[in-house]
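*Asks:* I need the structure of the sequence given here:
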Amino acid sequence: MKSKYKSARSVIAIILVIAIVLAFTLDLYDIQILGNDYYSELNNTQSTYVVPIEAARGKIVDRNGNALMTNRQGNSVILNAVYFPAADTTENNQKRNTIIYNLIQLFESNGEEYVSNLPLKINKKGNVVFDGDDDDIETMKSADMLNLQPYATAQNCFDAMLEKYEIEGYDDETALKIGGIRYELTRMLFSYENPVTIADDVSDETIAAIKEDQTSYLGADVRVVAYREYADSTVAPHILGTVRDINAEEYAALKDDGYSITDQIGESGIEQAMESELRGTPGELTITISRDGEITEEVTKEPVQGNTVVLTIDRDLQILAQDKLAEICDATDYASSAGAVVVEDCNSGEVLAAASYPTFDLNDYYNNYEELASNDRNPLWSRFALGTYAPGSTFKPVVACASLEEGVITDSTTFYCNGTMTYREQDFKCLNSTAHGGENVKTALRDSCNIFFYNCAMNLGITKLDEYASAFGLGEKTGVEISEASGQLATPENREISGGIWNGGDTLQMAIGQSDNLFTPLQLANYCATLANGGTRYEMHFAKSIISSDTGTVEEKGSTVIDTLDLSESTINTVHEGMRLVATQGASRYIFNEIDTDVACKTGTSQVVVNGAERNNGFLITYAPYDNPEISVASVVELAGSGTETAEITAEIIDYWYQNNTDAKTNQKVGTILS
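*Replies:* The predicted structure is shown next:
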């Protein structure tokens, strides 16, 4: 007799089998009948790849719309992994090498430069040696590249390269060239989604040859790309800056923002500071490879050029400032003199011009960097932004403002100058030991009387001196978008940090712009502008506005007030009148009398030692027009001897501005308190 439990289990099993069969039948019906079109299409498509299309960088123009940095179209040669043989077999590796060899022969016959970042070369003796810095060599030996030990020799690296890329049958020189391009493909993560450029800015002749012979140059393709071009590559190089290929660390940090390993990025200057605006939006090229090997390409997203950055500088004023600075520096000491000049709008913080000398040509930066970098006169160094100088007597208006505001002196206070004074058993001399007699603050500014300002410093004290100097922005960054030095304000705290001790005599030296004071020409221009406008310190800036390449809308950057000095009208007028006396009765009068615009200024010198001999750097801060200040100018000429010798630069700048300036505006009157 059968168990009723066994019978029930049999029935359940049969039901389950029937249910499973029905489920598979329905699934099969859905796939083969209902989803036939979808799955047929899916089955026919092997893969789809999206390749970024480079977007042109935005333009850089001056305040009047004159082009400073633009783009031109050119052709680059890339290797495209969709068509290039894979590196999966010895046969395919040899095919790769043959194609690359053909390309090298084409490039060399047409005088084209091609990629070569492998840090190896063959010397005159025929030996393989390293040819690169330590980082490049370390990268080459890394696990991702040749996978060698750190102690591997150059010959070890060469042999590993031959083995890795299966380069056979070529002499060493040719093998190294082929290996250089193979190495670049590895380094730049060559893939379907990432074609790699192997030659930039090639001729039409080379392009035609590649297009006409797709067998010899299989996988090589031509890309129309935008190359940076300068209206004049000598204008404002320290401001405009440079671009370079993105490095591995930057790529890792920025790839989520849409950067690719083959992108360029701003390296310095405005190119770096305004990278987010200048960088365009990459497009997309979608490549589809069907199961039967058919390849189709479609631009699925057009690239968008970067925005236009409008600078505050005036191109023609910039050229004048550069040329005149070079002329004066060369006349001072052709072999050794250097300098800088900065022009600022007193009422906005806009930099109208900023020049450094010696300077350089931006094209030479890319074509001859090693020579520029090794030049002992440092033409790549931006003296107006990174150079720090003891300002000499240009600092005295700060002391005058502080002394007047704190009630240490009035405009009629007189100190007697006999050319020297003794403080704590130490002698302190006036300029050239000159005895000026009785001096008030205005005549002391005119005559640059050290004795007067020593007395002010003794009565005022270092704390108040530093407080006012800091309020004027001395020893602090000005806020410009490009790299700048902070400089240093002479304070007991800073002296202590450097391991020294602050003495009473240091306060006197600080008051005449010596001691530990080190300021940039940018800071001196901004300090002068703050004096001129009555006490409002603006953040200095080079970017005036941004023009969207997509919509054409203009975003004005505007001005930012950093600080407002609560200076009395009496203090402002007294210091202005003293600075006016410098221009009308001082040594610089012979130069400023030749121009139509009234100015106020303060000269300065600071002592330096060059080749064992004592020399002076010359400084001048100036604002104009005197009755209604609009611009400030700060200049320094190393080894000039005195600030008066820099006046010719300033005079030509001011004369040009008021003969050619179309930006005339109504400005705050002198002596009006700004809140």
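
*Asks:* use CA for all of it now, contacts and neighbours both
*Replies:* Fine.

*Asks:* quick one: low-confidence ranges for this structure?
*Replies:* Within the chain, the stretches with pLDDT under 70 are 1-17, 19-46, 661-675.

*Asks:* helix, strand or coil: sort out Q514 for me.
*Replies:* Of the three states, Q514 takes coil under DSSP: H, G, I helix; E, B strand; the rest coil.

*Asks:* residue contacts, it?
*Replies:* Applying CA atoms under 8 Å, 6 or more residues apart in numbering to Q514 gives the contacts A390, P391, G392, S606.

*Asks:* again, but for F130
*Replies:* F130 neighbours (CA under 8 Å, 6+ apart): P119, L120, K121, I137, A154.

*Asks:* so how far is I137 from the residue lying closest to it once chain neighbours are set aside?
*Replies:* Leaving aside its sequence neighbours, F130 sits nearest to L120 (CA to CA, 6 or more residues apart in numbering; 4.6 Å). Going from L120 to I137 by CA to CA, to the nearest Å gives 9 Å.

*Asks:* more neighbours: which of those two?
*Replies:* L120 (22 against 18; other CA atoms under 10 Å).

*Asks:* from A154, how far out is that one?
*Replies:* 7 Å.

*Asks:* anything in contact with each of the two?
*Replies:* Joint contacts of L120 and A154 (CA under 8 Å, 6+ apart) are V128, V129, F130.

*Asks:* in helices only, show me those residues.
*Replies:* Of these, none are assigned to helices by DSSP state H.

*Asks:* got the end-to-end distance for stretch 267-276?
*Replies:* Stretch 267-276 end-to-end distance (CA to CA) = 13 Å.

*Asks:* list the buried residues for that stretch?
*Replies:* By neighbour count with 16 or more other CA atoms under 10 Å, stretch 267-276 contains the buried residues E267, S268, G269, I270, E271, Q272, A273, M274, E275.

*Asks:* what's the closest of these to S356?
*Replies:* Nearest to S356 among the buried residues of stretch 267-276 is G269, at 13.5 Å by CA to CA.

*Asks:* thought H238 was touching the closest one, still the case?
*Replies:* Yes. Counting by CA atoms under 8 Å, H238 is a contact partner of G269 at 6.4 Å.

*Asks:* so how far is stretch 275-285 from its chain's centroid?
*Replies:* Distance of stretch 275-285 from the chain centroid (CA atoms, centre = their mean, to the nearest Å) equals 19 Å.

*Asks:* which residues touch that stretch?
*Replies:* 50-59, 258, 265-266, 271, 297-309, 546.

*Asks:* any quick PyMOL command for the buried ones out of these?
*Replies:* Filtering these down to the buried ones (16+ other CA under 10 Å) takes a single PyMOL command:
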select buried, resi 50+51+52+53+54+55+56+57+58+59+265+266+271+303+304+305+306+307+308+309+546
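
*Asks:* now intersect the contacts of stretch 275-285 with the helices, please.
*Replies:* Within those, residues falling in helices by DSSP H are E271.

*Asks:* any idea how many residues pack against Q488?
*Replies:* 19.

*Asks:* so who does it touch?
*Replies:* L474, G475, E476, D516, N517, L518, F519.

*Asks:* now the helices: where do they sit in the stretch 51-200 of the chain?
*Replies:* Here the stretch 51-200 of the chain has its helices, by DSSP state H, counting those that start in this stretch, at 90-109, 134-141, 154-165, 172-187.

*Asks:* what's next to the last one, contact-wise?
*Replies:* Think helix 172-187. So helix 172-187 is contacted by 97, 100-101, 104, 115-118, 120-122, 145, 158, 161-162, 165, 167-168, 196, 198 (CA under 8 Å, 6+ apart).

*Asks:* and the contacts of F130, which two are furthest apart?
*Replies:* K121 and I137 (12.1 Å).

*Asks:* got TSV for the contacts of Q488, with secondary structure, distance to L325 and neighbour count too?
*Replies:* Converted to TSV, those look like this (DSSP: H, G, I helix; E, B strand; the rest coil; distance: CA to CA, whole Å; neighbours: other CA atoms under 10 Å):
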residue	secondary structure	distance to L325	neighbour count
L474	coil	24	27
G475	coil	24	23
E476	coil	25	19
D516	coil	27	19
N517	coil	24	23
L518	strand	21	22
F519	strand	19	27
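
*Asks:* could you redo the residues you listed as CSV and give each row distance to V243?
*Replies:* Formatted as CSV, these follow (distance: CA to CA, whole Å):
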residue, distance to V243
L474, 31
G475, 30
E476, 28
D516, 36
N517, 34
L518, 30
F519, 28
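
*Asks:* between which two of these is the distance greatest?
*Replies:* With CA to CA as the measure, no two of those lie farther apart than E476 and D516, at 14.1 Å.

*Asks:* what helix or strand does C329 sit in?
*Replies:* helix 315-332 (DSSP states H and E).

*Asks:* next secondary structure after that helix?
*Replies:* strand 339-345.

*Asks:* what comes up buried for that next one?
*Replies:* G339, A340, V341, V342, V343, E344, D345.

*Asks:* which residues are contacting it?
*Replies:* Contacts for strand 339-345 (CA under 8 Å, 6+ apart): 321, 325, 329, 350-358, 383-384, 521-522, 525-526, 529, 630-638.

*Asks:* 6 Å - rerun?
*Replies:* 350-357, 383-384, 630-638 (CA atoms under 6 Å, 6 or more residues apart in numbering).

*Asks:* repeat that for stretch 451-463.
*Replies:* F415, C417, C430, T507, L508.

*Asks:* next one: stretch 604-624
*Replies:* Residues contacting stretch 604-624 (CA under 6 Å, 6+ apart): 392-394, 599-603, 630-643.

*Asks:* okay, and which of these map to strands?
*Replies:* A600, C601, K602, T603, I631, S632, V633, A634, S635, V636, V637 (DSSP state E).

*Asks:* possible to save those as TSV with neighbour count?
*Replies:* Shown next, in TSV, are the ones in strands among the contacts of stretch 604-624 (neighbours: other CA atoms under 10 Å):
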residue	neighbour count
A600	25
C601	31
K602	30
T603	33
I631	27
S632	34
V633	31
A634	34
S635	30
V636	34
V637	30
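
*Asks:* which among these gets closest to C401?
*Replies:* Of these, the one sitting nearest to C401 (CA to CA) turns out to be K602, at 13.8 Å.

*Asks:* any idea how far L431 is from the closest one?
*Replies:* K602 is 14 Å from L431, by CA to CA.

*Asks:* do the same with I546
*Replies:* 49 Å.

*Asks:* can you give the contact residues for stretch 87-96?
*Replies:* Contacts of stretch 87-96 (CA under 6 Å, 6+ apart): P85.
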